[in-house]
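My questions are about this predicted structure, shown below with the sequence.
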Amino acid sequence: MKRISSHTCAIIVFFLFTANLMAQEAHRRWEYMNQIRRDKFDLILPEVMRENRVDMWITVCREGYDDPLMIDFGKTYVGTTGYFVFTDRGDNRIERAALGIGGYFIAENGAYDILSSNFDLKAFVAERDPQRIALNYSENIGAADGLTYTNYKNLQKKLGKSYSSRFVSAEKLASDFRSRRVASEIAVFAQAGEISRNIAERAFSNEVITPGVTTLEDVAWWMSEQQHQQGLGTSFGMPSVYVTGPDGFVAMSNDHIIQRGEFITVDWGVGYMNFYTDMKRHAYVLKEGEVALPESIKKAFDNGVKVRDILKANIKAGRTAQETYDLLNRKINEAGFSVMETFNSPSDDPNKVDVIIGCHSVGNLGHGIGPSIAWFNPERIKYMIQPSNLLSIELFAYTALPEWNGKKLRIPLEDDAIVTHRGVEWLYPVNQAVRVIK
């Protein structure tokens with residue numbers, strides 16, 4: 001009999017050990033997501049359904065097509081058509097039913113009162129007789145628009161005219177449900193933020209970048225490989241690694257070779273247990289003979305930090321995002337900066353530091369579906385900022401550089417934070433300096 005060598009045995013043991021660790025990590029993440037789901041159903045769902053005057057919320061899933069909210073409710077296999085049905089029956093909790101949706105992940109997550117593969121949807125609804133039935137269709141929020149036309153028509157047919165006339169959009173309900181956070185969510189999102197910034201800061205170092213050799217896409221692919229190795233997702237695709245010059249963008253995530261004297265930025269985020277970050281980091285590649293960041297670039301970065309301090313000091317719960325947007329722009333102007341009317345349109349005046357802000361919702365997507373202090377979210381800028389909302393604190397500050405003959409360097413700052421009753425609080429160490437690559 002041929003014996004297995006000690007080297008081969010060691011390899012087998014290593015792979016078995018690694019597989020066991022991976023299984024443990026998968027189970028750990030699943031347990032975390034179950035805790036979040038139970039907490040959300042217990043604490044957030046009654047609040048938001050009653051605020052939005054919704055008696056029943058129906059989410060439809062079909063084989064081969066998952067509603068965007070399915071992962072929040074418990075992603076699993078659907079054989080034909082299944083329904084998550086949440087009903088306000090007047091007590092201190094919302095009844096939770098998974099009809100036609102089964103499997104281990106639903107059966108074992110402990111979040112549902114009713115699990116059934118043998119049901120009559122019309123009879124189920126009629127027994128509860130809801131006056132307002134929320135469905136996932138939305139003009140303004142993609143993640144609240146998961147109901148297909150076919151599924152909508154099928155619901156009309158199954159429930160009949162009486163109940164079909166009670167359909168309302170779940171747009172605001174879905175936004176409120178996702179964007180109001182329980183403690184278990186905040187803990188996980190903070191982990192995601194730390195993972196994200198750690199990868200970005202390693203990427204912008206001599207560990208990854210060799211001036212004159214490394215390309216922008218080399219950096220982006222290295223970051224993508226880190227995501228792959230750590231079982232992370234993204235809601236943005238390829239990391240945006242780009243060079244900014246006197247005339248704006250020079251190149252992004254392509255075969256441009258990083259040169260000395262260049263200013264580079266990464267805009268990216270990771271996906272971790274249904275949470276997605278959105279952040280930026282910067283680096284300057286030292287020229288031959290340089291030993292530190294040029295003072296002009298440091299001044300430009302510091303201008304961005306001053307604006308970020310204004311945002312942090314003035315974003316509060318209890319105001320609409322629009323009221324907050326107007327207040328922040330007024331405070332920025334009063335501090336001596338110049339608020340731009342449109343994105344990427346700085347003035348030619350070298351004495352002006354031009355600024356525009358875009359503090360958007362973040363959380364279950366890199367661009368979340370909650371209140372948004374940003375011109376590019378015209379519906380969600382109307383929403384009230386609530387304690388526990390997660391926000392990307394994002395701004396763009398343009399400062400003239402003498403070595404660019406007065407043309408302006410754009411400093412985009414972005415890190416993720418939570419709004420509490422005290423104001424904005426960071427969830428991980430935020431960007432405090434331009435990194436230097438030797």
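Everything's here; your move.

Now do the strands in the stretch 51-200 of the chain.
Counting by DSSP state E, counting those that start in this stretch, the stretch 51-200 of the chain has strands at residues 56-62, 81-88, 94-99, 114-116, 133-135, 167-169.

and if you look at the stretch 201-350 of the chain?
Going by DSSP E, counting those that start in this stretch, the stretch 201-350 of the chain shows strands at 240-245, 248-252, 263-268, 271-272, 275-276, 279-285, 338-339.

Mind giving me the packing neighbours of the fourth one?
The helices and strands touching strand 271-272, judged by 3 or more Cβ pairs under 8 Å, 6 or more residues apart in numbering; DSSP states H and E, are helix 183-203. (Glycine included, C-beta is placed from N, CA and C.)

avg pLDDT for the helix it packs on?
In this model, helix 183-203 has a mean pLDDT of 98.

Give me the buried stretch members for that helix, please.
184-186, 188-193, 195-197, 199-201, 203 (16 or more other Cβ atoms under 10 Å).

one step back: please convert the strands of the stretch 51-200 of the chain to a markdown table, extending it with distance to I437.
Shown next, in a markdown table, are the strands of the stretch 51-200 of the chain (distance: least, Cβ to Cβ, whole Å):
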| stretch | distance to I437 |
| --- | --- |
| strand 56-62 | 47 |
| strand 81-88 | 49 |
| strand 94-99 | 51 |
| strand 114-116 | 55 |
| strand 133-135 | 51 |
| strand 167-169 | 49 |
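
Would you format the ones you listed as TSV with mean pLDDT and distance to K298 included?
Below are these laid out as TSV (pLDDT from 0 to 100; distance: least, Cβ to Cβ, whole Å):
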stretch	mean pLDDT	distance to K298
strand 56-62	97	50
strand 81-88	97	52
strand 94-99	97	53
strand 114-116	95	59
strand 133-135	98	51
strand 167-169	98	49
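
Out of these, which gets nearest to P211?
With Cβ to Cβ as the criterion, P211 lies closest to strand 56-62 of these, at 50.1 Å.

which ones are touching A300?
The neighbourhood of A300, defined by Cβ atoms under 8 Å, 6 or more residues apart in numbering, consists of A397, T399, L401, L409, I411.

Kindly report the same for D278.
So D278 contacts F236, D267, W268, G269, H360, V362, G366, H367, S392, E394, E414, D416 (Cβ under 8 Å, 6+ apart).

Helices along this structure, start to end?
Using DSSP state H, the helices found in the chain span residues 6-39, 45-51, 70-73, 104-107, 121-128, 149-164, 171-179, 183-203, 216-229, 295-314, 321-334.

Could you list the low-pLDDT ranges of this protein?
1-22 (pLDDT under 70).

ok, the spatially closest residue to A143 that is not a sequence neighbour to T244 distance?
Residue nearest to A143 in three dimensions, not counting chain neighbours: P68, with 4.4 Å by Cβ to Cβ, 6 or more residues apart in numbering. From P68 across to T244, the span is 34 Å (Cβ to Cβ, to the nearest Å).

and if you look at S235?
24 Å.

Have a look at those two and say which one is more surrounded.
Ranked by neighbour count (other Cβ atoms under 10 Å), S235 and T244 place T244 first, with 20 against 17.

Please name the bridge partners of the more buried one.
Note on T244: beta-bridge partners by DSSP bridges are F249, F263.

neighbours around the closest residue to E139 other than its chain neighbours, how many?
Distance criterion Cβ to Cβ, 6+ apart; nearest residue to E139, sequence neighbours excluded, is E171 at 7.3 Å. Using other Cβ under 10 Å, E171 has 23 neighbouring residues.

still on that earlier bit, wait, which of the helices of the chain is closest to V434?
Using Cβ to Cβ, the nearest of the helices of the chain to V434 is helix 295-314, at 5.2 Å.

Okay, angle between the closest one and strand 279-285 too, please.
Put simply, helix 295-314 runs at 160 degrees to strand 279-285, going by axes from the mean of the first three to the mean of the last three Cα atoms, to 10 degrees.

residues in contact with M223?
Counted by Cβ under 8 Å, 6+ apart, M223 has contacts I199, A200, A203, P239, V241, V266, W268.

hmm, I was thinking of G90
Contacts of G90 (Cβ under 8 Å, 6+ apart): none.

do you know how far it is from G269?
Relative to G269, and taking Cβ to Cβ, G90 is found at 41 Å.

Hmm, N314 and L327 touching each other?
Yes. At 5.9 Å, L327 and N314 qualify as touching, with contact defined as Cβ atoms under 8 Å.

mind listing what the longest strand along the chain pairs with, with the direction of each?
Using DSSP state E to define each element, the chain has its longest strand at strand 408-420. Strand pairing for strand 408-420, using DSSP bridges, gives strand 390-400 (antiparallel), strand 423-426 (antiparallel).

which of those is buried the deepest?
strand 390-400 (a mean of 24; mean count of other Cβ atoms under 10 Å).

got the angle for it vs strand 263-268?
Computed by the same axes, to 10 degrees, the angle separating strand 390-400 from strand 263-268 equals 160 degrees.

Just the CA trace of strand 390-400, in PDB.
Output of strand 390-400 as PDB, limited to C-alpha atoms (Å, rounded to 0.1, in the frame of the first residue of the first chain):
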ATOM      1  CA  LEU A 390     -26.400  56.100   9.100                       C
ATOM      2  CA  LEU A 391     -24.900  58.900   6.800                       C
ATOM      3  CA  SER A 392     -22.000  59.200   4.500                       C
ATOM      4  CA  ILE A 393     -20.500  62.600   5.500                       C
ATOM      5  CA  GLU A 394     -19.300  63.600   2.000                       C
ATOM      6  CA  LEU A 395     -18.000  66.900   0.700                       C
ATOM      7  CA  PHE A 396     -15.900  68.300  -2.200                       C
ATOM      8  CA  ALA A 397     -13.600  71.300  -1.500                       C
ATOM      9  CA  TYR A 398     -11.600  73.000  -4.300                       C
ATOM     10  CA  THR A 399      -8.400  74.900  -3.300                       C
ATOM     11  CA  ALA A 400      -6.000  76.800  -5.700                       C
END
